[in-house]
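>>> test case, fold it:
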Amino acid sequence: MEIKIDSDFSEWFGYWMGDGDRSLKRGTFGVASQSLDIHKLNMKILLDYFHLEKKRLRVEITTSRKAPDEDMRKEYSNLLELNISQIKTISRTPLANRDCIRLFVYSLITLRDFLKQVEEIKNKILISDRTIMSKFVSGIFAAEGSIRKKGKNIRMLMLKKNEVEFVRKILDKLGIVSTMNLQKNSGGWEISICSYENLAKFREIGGFGRMVEKNAILEERMTHYENKLPWAERYSRLCKIFSAQSQLTNKIVAEKFKMKYHNAKFMMATFAKLGLLNVSKINKIYVYTLNESADCDEIDIKSHIT
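Numbering: from 1, shown residues only. Below you'll find the predicted structure:
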């Protein structure tokens, strides 16, 4: 069976490496996730890429909700557009903060064939284009990655060292610096992505993919970072924006920097007062251009702002 390696498959492969079925004992093949969007992709891959029949799909749900099993089956039958008989198991635990869905097929033959191709697939992703590599990163970090609400780094813990090393190779090719450490308590290997620059690159390539909650936390942390950026870094980023467009307004700058409007206004006014920017007022809107005498590569912003 030859598998087409495109952006959808690469993203799914990342999910599978993190939360996928790979037990030959059960012979099940699929993915577990709290996200319905991830399962829409999971179903697409199982049906269109592995050519499995939709009627063979099975669903197991773990929940803390006390709704009757039959109501849960009807709910997920509608959400996943499957026959109610395909929603097989409803398990309950008070530890489940959200419903976890496991969508899979029983197919030992497909699983064995796929496992034989895993290393080849990884090699193909490693030499693929930026989009395919980015989708893989989004998939695996959606499955296994995390960022704390008050944290300053993105983390991902996996048990197999070779898989962590593979992920780091992809990150390196995307220009994202990471570190790897052995966690003695769990025996697993942890990837850590630190610093504003690396977090910004991670967000740019897709962040945590289809995991909305994780991306929301990432946005909160990036906003926190961006509101406290050093002035030199702000000016450097501003120069890059000016290289793409000659005029900027406070509104545009607020959007580009993902900061509040009044913070963008203060920043631009400060640079204008220092003579780094020219400012004019057109139809009651402040319009800024880069001072031609200011060299973005040579100017020492520290000599202007202390």
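>>> so what's the residue lying closest to S77 once chain neighbours are set aside up against?
Setting aside the residues directly before and after it, S77 is nearest to I84 in space (Cβ to Cβ, 6 or more residues apart in numbering), at 4.2 Å. Bear in mind the C-beta positions are built from the backbone N, C-alpha and C, glycine included. By Cβ atoms under 8 Å, 6 or more residues apart in numbering, the contact list for I84 reads 73-74, 77.
>>> same thing with S33?
Applying Cβ under 8 Å, 6+ apart, we find S33 in contact with 15, 19, 39, 42, 100-101, 142-143.
>>> what is the nearest of those to T62?
C100 (4.4 Å; Cβ to Cβ).
>>> state the phi and psi torsions of that closest one.
Phi and psi for C100, reported as degrees, to the nearest 10, are phi -110, psi 130.
>>> ok so, going back, make a PyMOL selection of the buried ones in the contacts of I84.
Remark: buried members of those, expressed as a PyMOL selection using 16 or more other Cβ atoms under 10 Å:
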select buried, resi 73+77
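>>> could the contacts of I84 be laid out in TSV, adding pLDDT, secondary structure and distance to I61?
Shown next, in TSV, are the contacts of I84 (pLDDT from 0 to 100; DSSP: H, G, I helix; E, B strand; the rest coil; distance: Cβ to Cβ, whole Å):
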residue	pLDDT	secondary structure	distance to I61
R73	95	helix	9
K74	96	helix	12
S77	96	helix	11
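>>> pick out whichever of the contacts of I84 sits closest to L174.
S77 (39.3 Å).
>>> quick one: contacts for the closest one?
Counted by Cβ under 8 Å, 6+ apart, S77 has contacts 83-84, 86-87.
>>> ok, V167 next?
137, 140, 156, 158, 191.
>>> ok, the residues you listed vs L290, which is closest?
V137 (33.9 Å).
>>> packing partners for the helix or strand where that closest one lies?
Using DSSP states H and E, V137 falls within helix 130-144. Judged by 3 or more Cβ pairs under 8 Å, 6 or more residues apart in numbering; DSSP states H and E, the packing partners of helix 130-144 are helix 7-19, helix 108-126, strand 153-158, helix 161-173.
>>> which of the residues in the helix or strand harbouring A254 are buried?
Here A254, judged by DSSP H and E, is contained in helix 250-257. Across helix 250-257, burial judged by 16+ other Cβ under 10 Å covers 250, 252-254, 256-257.
>>> centroid-nearest residue for the protein?
For the chain, the residue sitting closest to the mean C-alpha position, by Cα atoms, centre = their mean, is F208 at 1.9 Å.
>>> now do the same for that one: helix, strand or coil?
Here F208 is recorded as coil under DSSP: H, G, I helix; E, B strand; the rest coil.
>>> the helix or strand just after the helix holding A254 versus helix 250-257: what angle between them?
Later in the chain than helix 250-257, the nearest helix or strand by DSSP H and E is helix 261-273. For helix 261-273 against helix 250-257, the angle by axes from the mean of the first three to the mean of the last three Cα atoms, to 10 degrees is 110 degrees.
>>> re the thing from before, okay, and which of the contacts of S77 map to strands?
Assigned to strands by DSSP state E, the following of those qualify: I87.
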